[in-house]
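# The amino acid sequence is not available; the structure is as follows:
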């Protein structure tokens, strides 16, 4: 440890966060006490865990507790704990900098709207920094368990928010004292009744006793271990905010004790909103793991499959060893059983929400639907349950809203229809405007409109739903002849167009696998489809964009012989090759593809238009 006082500068992100908190969170300023008590409780949990290997860390003080006191004359509030404490390096690392994955994404997500930014700040986790909502000077004195050296940290906001001091000090016991020197106008926090009411409101669920004047203010028992009949909704909500570092109430939760071969308690929450770092592959959130109420680790990601990474909560096992590590979690059959049980419970909770509260489920789907889709491929054992929870846009609704279930689709199927039809594209508008849908619109047959990148992998894993296969409208034979209706499509006499098809295939050469007369098109002249066992055009483009090599395949060109352009084509015409290229390029563009030579496409189009355009003063042909 340095033998003298040092003045250090905050990391730029810390200064920005301090400014945002003071201005955005002031309307909910009492949460500072919740955050500091939560930190103190975490320090107690960490000491319990470390003491499993070294009981001497308890020194002569084995009873963990949090004390809150105030001094009206000094206008200060002090929060003390006898938890694990911090070393000098830990103080600088934990308070002077933000070493959190997703920091850049967090700041990019800020909008300038104080109400919206307050929610994001809550997601990011404010912890110790919340002190500055009510205090203009904060002093922290801490000593790590097992060490004799203590550290004093202080920041005085009246002298600017850019610096803090660190120096050696003396401290009799282990743990951390946070002393808040209150801003003007915060005198209500110097009243015992007010402080106790805040503790009871926000920290009743904390398992460590919170003491004021020798009295225990909170219930001081693990909330998840209490009978459900003794826990109110407000307590469940505040516990979620504690473990989820969230300012908003959760969307739903489930609390269960599992008995049998495995015994464990699970308290699982569905957040109301997706965290800003949901798509950060390096930031894996998980559940808090306890073994017989002893804290083991935060973010135990092995307790849930990756597609449920948005779930927050606690699992308390009666069977796992107290010295369990992440490596053991990865290889344990007991953990596999817990993970399977938690996944089943979350999916059941979502299924219940989808049936009983469609508005809440729609809110869930908007935030987490894309992540849940990953489960179809990742979790085959629960594929059927996940499929029931999926929601899509479709031609039945015609808007971008994803509120069509597969069960709802089945209920609207035409007589004789035995397939679920879908189209994939890079955007909703591209899917909605796909020429492959023309015959389906004409006949009133619903098609699912899939435009998320994950949808391409979803349909490769979800081959059917309740016995009805999922079929792409841009692939192979459609089976529309089985569907009854007065508007049934008549078959074209393919032999009548043999010369045209042969000519087009010859003109396009190795660009196409084949050229056929289309049963799909009613308005467009052409479209591209994939053969039954070939990769689709949209998936090929996604793989290419991701830097991966797509399997070699060629599309099939389908033409509409009743379209005016196709009807006028003559294989012997000098411009026939140019028309063939134009039909192919138009079909490629219509499905969201990119031209290899846009300049050549423009030149060819101009030449063909010029050949058809009348001279000035003449009538068009």
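That came in fine, so what should we check first? For clarity, every value in this text was computed on a predicted model and none was experimentally measured.

# could you measure residue 172 against residue 228, distance?
42 Å (C-beta to C-beta, to the nearest Å). (C-beta placed from N, C-alpha, C; glycine too.)

# Any idea how many residues pack against residue 278?
By other C-beta atoms under 10 Å, 18 other residues sit near residue 278.

# can you list contacts of stretch 400-408?
Contacts with stretch 400-408, where a contact means C-beta atoms under 8 Å, 6 or more residues apart in numbering, come from 354, 362, 365-366, 369, 387-388, 390-394, 396-397, 420, 428, 448, 465-466.

# Can you give the distance from that stretch to the centre of its chain?
20 Å (C-alpha atoms, centre = their mean, to the nearest Å).

# Check which residues of that stretch are buried.
Across stretch 400-408, burial judged by 16 or more other C-beta atoms under 10 Å covers 402-406.

# measure it end to end?
17 Å (C-alpha to C-alpha, to the nearest Å).

# what do you get for stretch 351-363?
First-to-last residue span, stretch 351-363, C-alpha to C-alpha: 14 Å.

# same thing with stretch 302-312?
End-to-end span of stretch 302-312 (C-alpha to C-alpha): 13 Å.

# What mean pLDDT does that stretch get?
The pLDDT scores in stretch 302-312 average 92.

# So for that stretch, what gets flagged as buried?
For stretch 302-312, burial by neighbour count (16+ other C-beta under 10 Å) applies to 302-305, 307-312.

# Just the ones in helices from the buried residues of stretch 400-408, please.
Taking DSSP state H as the definition of helices, the buried residues of stretch 400-408 contribute residue 406.

# how much space between residue 602 and residue 582?
Taking C-beta to C-beta, one finds residue 602 at 11 Å from residue 582.

# Between the two, point out the one with more neighbours.
Using other C-beta under 10 Å, the more surrounded residue of residue 602 and residue 582 is residue 582, with 19 against 11.

# Mind telling me what element the more buried one is part of?
helix 576-590 (DSSP states H and E).

# in that helix, what's buried?
576-588, 590.

# Beyond it, next helix or strand please.
helix 598-612.

# angle of that next one against helix 576-590?
For helix 598-612 against helix 576-590, the angle by axes from the mean of the first three to the mean of the last three C-alpha atoms, to 10 degrees is 130 degrees.

# Just the buried positions in helix 598-612, please.
For helix 598-612, by 16+ other C-beta under 10 Å, it's 601, 604, 608.

# Any chance of JSON lines for these, columns pLDDT and distance to residue 166?
Formatted as JSON lines, the buried residues of helix 598-612 follow (pLDDT from 0 to 100; distance: C-beta to C-beta, whole Å):
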{"residue": "601", "pLDDT": "89", "distance to residue 166": "66"}
{"residue": "604", "pLDDT": "89", "distance to residue 166": "72"}
{"residue": "608", "pLDDT": "87", "distance to residue 166": "76"}
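
# count of neighbours near residue 89?
Around residue 89 there are 11 residues (other C-beta under 10 Å).

# Where does it fall, secondary structure wise?
Residue 89 is part of helix 88-91 when elements are defined by DSSP H and E.

# Would you mind listing the buried residues in that helix?
Applying 16+ other C-beta under 10 Å to helix 88-91 flags 88, 91 as buried.

# go on, stretch 69-81?
By 16+ other C-beta under 10 Å, the buried positions in stretch 69-81 come out as 69-70, 75-81.

# which one of those sits closest to residue 213?
Nearest to residue 213 among the buried residues of stretch 69-81: residue 69, at 7.9 Å, using C-beta to C-beta.

# for that closest one, what are its contacts?
77-78, 80, 212-213 are the contacts of residue 69 under C-beta under 8 Å, 6+ apart.

# Lowest-confidence one in the residues you listed?
Lowest pLDDT within the contacts of residue 69 is found at residue 213 (89).

# Is there a neighbour count for it? I'd like the number.
Residue 213 has 10 neighbours, counted by other C-beta under 10 Å.

# repeat for residue 67
There are 18 residues near residue 67, going by other C-beta under 10 Å.

# Okay, it and residue 258: tell me how far apart.
Taking C-beta to C-beta, one finds residue 67 at 36 Å from residue 258.

# where does the nearest residue to residue 268 once chain neighbours are set aside fall, helix, sheet strand or coil?
Closest residue in space to residue 268, ignoring its immediate chain neighbours: residue 313 at 4.0 Å, by C-beta to C-beta, 6 or more residues apart in numbering. What DSSP: H, G, I helix; E, B strand; the rest coil gives for residue 313 is strand.
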